[in-house]
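Chemist: no sequence for this one, just the structure:
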């Protein structure tokens, strides 16, 4: 743990490095990318010293590549934030981009009654490279995490992703580009803030806690018995049956066409109905990048609804997965899980 505490501090932040591209720099001897020592973060990003904040940092050991992210990381993050919650005004999590939307989504459900910012960020190029986007992303994330209103309350008490000058609700975001600085989008919900010459906050869109004094509840019991079935032309009964009726599966995210449509063939609806009747929870999410599921428009959607499929509305797959992990870990009752899926718990769906 290192600390930078200038005179006249305005806010205190904890910078958490889990791994990912942003924390890499070229080793002059190996001529390869290696993690740099985050205790030297002010040397890499001297602009941070110009903020009148106390910035502490901690680094996960071992570092976790984005592709290796597991629920254990989310539990570890929740443990760390819960332990240090009263010590800081906000938290900035540096994370690999490939699974950042999954982590931000799930953490938003794991923390109920959040009163402080938790801002995820990262980069497409290592922070030690000349054209890196990492410095700007980190500086914006830090400034947003420290921002307060006239009453001294955080401006953005949410789990968010800050990337390429845009602040997005974490459970509304998804990675949409692998080689562009504008790597993330929130197609179904407007940005919470946009960084230009000044940072413009869309305050009417930002969720506020019911009480600023109450401490959040941290939910760390995750049930990950969830599968994802992406509908596609030519899908076979065997594939559908194996996934929807899998013994180790408690819930399935059904990625459907358009507004929630799927094959209308008898065998497909029959398997869906059988899975639902045997206790499987099936959640309908559209494959489209934007838009919402509506199972009342077309006959195929109505057939899915009558077979027991739950409406996922405009949820992203990443958010649906995190929401299911949380609900399944919280409730043994399928009816309570289904009721929770239909509710907007953390600003993740529009109804």
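Modeler: Cool, got the structure. On a predicted model such as this, the values are computed, not experimentally measured, just so you know.

Chemist: burial measure for residue 343, as a count.
Modeler: For residue 343, the neighbour count with other CB atoms under 10 Å is 13. Yep, even glycine has a C-beta here, placed from its N, CA and C like the rest.

Chemist: can I assume residue 44 is in contact with residue 128?
Modeler: Yes. Between residue 44 and residue 128 there is a contact under CB atoms under 8 Å: 6.8 Å.

Chemist: so where's the stretch 251-351 of the chain shaky on pLDDT?
Modeler: Within the stretch 251-351 of the chain, no range satisfies pLDDT under 70.

Chemist: residue ranges for the strands of it, please.
Modeler: Counting by DSSP state E, counting those that start in this stretch, the stretch 251-351 of the chain has these strands, from start to end: 251-256, 281-286, 310-311.

Chemist: Now render these as CSV, adding mean neighbour count and distance to residue 148.
Modeler: Shown next, in CSV, are the strands of the stretch 251-351 of the chain (neighbours: other CB atoms under 10 Å; distance: least, CB to CB, whole Å):
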stretch, mean neighbour count, distance to residue 148
strand 251-256, 24, 38
strand 281-286, 24, 36
strand 310-311, 22, 38
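
Chemist: Distance to residue 347 for those strands - can I get that in JSON lines?
Modeler: Converted to JSON lines, those look like this (distance: least, CB to CB, whole Å):
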{"stretch": "strand 251-256", "distance to residue 347": "19"}
{"stretch": "strand 281-286", "distance to residue 347": "17"}
{"stretch": "strand 310-311", "distance to residue 347": "17"}
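
Chemist: number of nearby residues for residue 187?
Modeler: With other CB under 10 Å as criterion, residue 187 counts 16.

Chemist: for the closest residue to it other than its chain neighbours, what are its contacts?
Modeler: Nearest non-adjacent residue to residue 187, counting by CB to CB, 6 or more residues apart in numbering: residue 290, 3.7 Å away. By CB atoms under 8 Å, 6 or more residues apart in numbering, the contact set of residue 290 is 187, 188, 314.

Chemist: quick one: which of the residues you listed is nearest residue 152?
Modeler: residue 188 (31.9 Å; CB to CB).

Chemist: Secondary structure class of that closest one, three-state.
Modeler: What DSSP: H, G, I helix; E, B strand; the rest coil gives for residue 188 is coil.

Chemist: all numbers from here: first residue = 636
Modeler: Sure, I'll start counting at 636 from here, so that last one is residue 823.

Chemist: Break down the stretch 786-935 of the chain into its helices, ranges please.
Modeler: In the stretch 786-935 of the chain, the segments counted as helices under DSSP state H, counting those that start in this stretch are 872-879, 901-912, 934-941.

Chemist: who's in contact with the second one?
Modeler: Contacting residues not belonging to helix 901-912 are listed as 872, 875-876, 879-880, 887, 889, 897, 917, 938-939, 942-944 [CB under 8 Å, 6+ apart].

Chemist: from these, which would you call buried?
Modeler: With burial judged by 16 or more other CB atoms under 10 Å, the buried subset of these is 875, 876, 879, 887, 889, 897, 917, 938, 939, 942, 943, 944.

Chemist: what sits against the third one?
Modeler: Okay, so that is residue 879. By CB under 8 Å, 6+ apart, the contact set of residue 879 is 864, 887, 906, 907, 909, 910, 915, 917.

Chemist: biggest separation within these, which pair?
Modeler: Pairwise distances across the contacts of residue 879 peak at 14.2 Å for 864 and 909 (criterion: CB to CB).

Chemist: still on that earlier bit, rebuild the contacts of residue 879 as TSV, extending it with distance to residue 933.
Modeler: Formatted as TSV, the contacts of residue 879 follow (distance: CB to CB, whole Å):
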residue	distance to residue 933
864	19
887	21
906	19
907	15
909	22
910	21
915	23
917	17
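
Chemist: Can I get the buried part of those as one PyMOL selection?
Modeler: Entered in PyMOL, the line below selects the buried ones among those, by 16+ other CB under 10 Å:
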select buried, resi 864+887+906+907+910+915+917
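
Chemist: nearest to residue 722, of the contacts of residue 879?
Modeler: For these, the minimum distance to residue 722 (CB to CB) is 40.6 Å, reached by residue 887.

Chemist: My read is that that closest one contacts residue 860, right?
Modeler: No. Using CB under 8 Å, residue 887 is not in contact with residue 860; the gap is 9.9 Å.

Chemist: what's the domain layout of this protein?
Modeler: The chain breaks down by automatic domain parsing into domains covering 637-853, 861-976.

Chemist: so which of the ones you listed gets nearest residue 984?
Modeler: Smallest distance to residue 984 across the domains of the chain (CB to CB): 4.3 Å, for domain 861-976.

Chemist: Check what pLDDT residue 725 gets.
Modeler: Note for residue 725: predicted pLDDT of 97.

Chemist: TSV for the buried ones among the contacts of helix 901-912, including distance to residue 655?
Modeler: Listed next are the buried ones among the contacts of helix 901-912 as TSV, based on distance: CB to CB, whole Å:
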residue	distance to residue 655
875	36
876	38
879	34
887	30
889	31
897	36
917	33
938	43
939	38
942	41
943	39
944	36
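
Chemist: Would you check which pair of the residues you listed lies furthest apart?
Modeler: Applying CB to CB across the buried ones among the contacts of helix 901-912, the maximum distance is between 876 and 938, 17.3 Å.

Chemist: Quick check, residue 745 in contact with residue 855.
Modeler: Yes. Contact criterion CB under 8 Å: residue 745 and residue 855 qualify, at 6.5 Å.
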